[in-house]
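Trainee: Below are the sequence and a predicted model for it; my questions follow.
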Amino acid sequence: MQRASRWQGQAGQMRLVAVVIACAALGWLAVQWLAEQGGWNLRFVLLADLAAGAAFIWALVVTGRIWWRQRHAGQ
């Protein structure tokens, strides 16, 4: 029973990571397109770049923690 609960928790985290990656990528693409069409100041574009980068780094860290927990769960 405990094993099933652990897998459900990890599955929820994996879904969250997938949603964050997809939203960050689509949001970044949208901001790039809107900035080009609207002639936005490059500061706003840089802010979007930094936000997307932070989301990708967060997703990488969470994915690494999930992998580490799975690898060390049997020990």
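Mentor: Looks like it arrived, so ask away.

Trainee: Buried residues of the helix or strand bottoming out on mean pLDDT in the chain, list them for me.
Mentor: Lowest mean confidence among the helices and strands of the chain (mean pLDDT, DSSP states H and E): helix 2-38, at a mean of 90. The neighbour-count check on helix 2-38 (16 or more other CB atoms under 10 Å) flags Q10, V17, I21, A24, W28, V31 as buried. No exception for glycine: its C-beta is placed from N, CA and C like everyone else's.

Trainee: Chain neighbours aside, what residue packs nearest to the last one?
Mentor: What that stands for is V31. Closest residue in space to V31, ignoring its immediate chain neighbours: A48 at 3.9 Å, by CB to CB, 6 or more residues apart in numbering.

Trainee: Assign the one you found to helix, strand or coil.
Mentor: Taking DSSP: H, G, I helix; E, B strand; the rest coil as the rule, one finds A48 in the helix state.

Trainee: what about it, neighbour count?
Mentor: Residues lying near A48 (other CB atoms under 10 Å) number 19.

Trainee: Now do the helix or strand that A59 is a member of, average pLDDT.
Mentor: Per DSSP states H and E, A59 falls inside helix 42-72. For helix 42-72, mean pLDDT is 95.

Trainee: That one packs against which elements?
Mentor: With contacts defined as 3 or more CB pairs under 8 Å, 6 or more residues apart in numbering; DSSP states H and E, helix 42-72 has these neighbours: helix 2-38.
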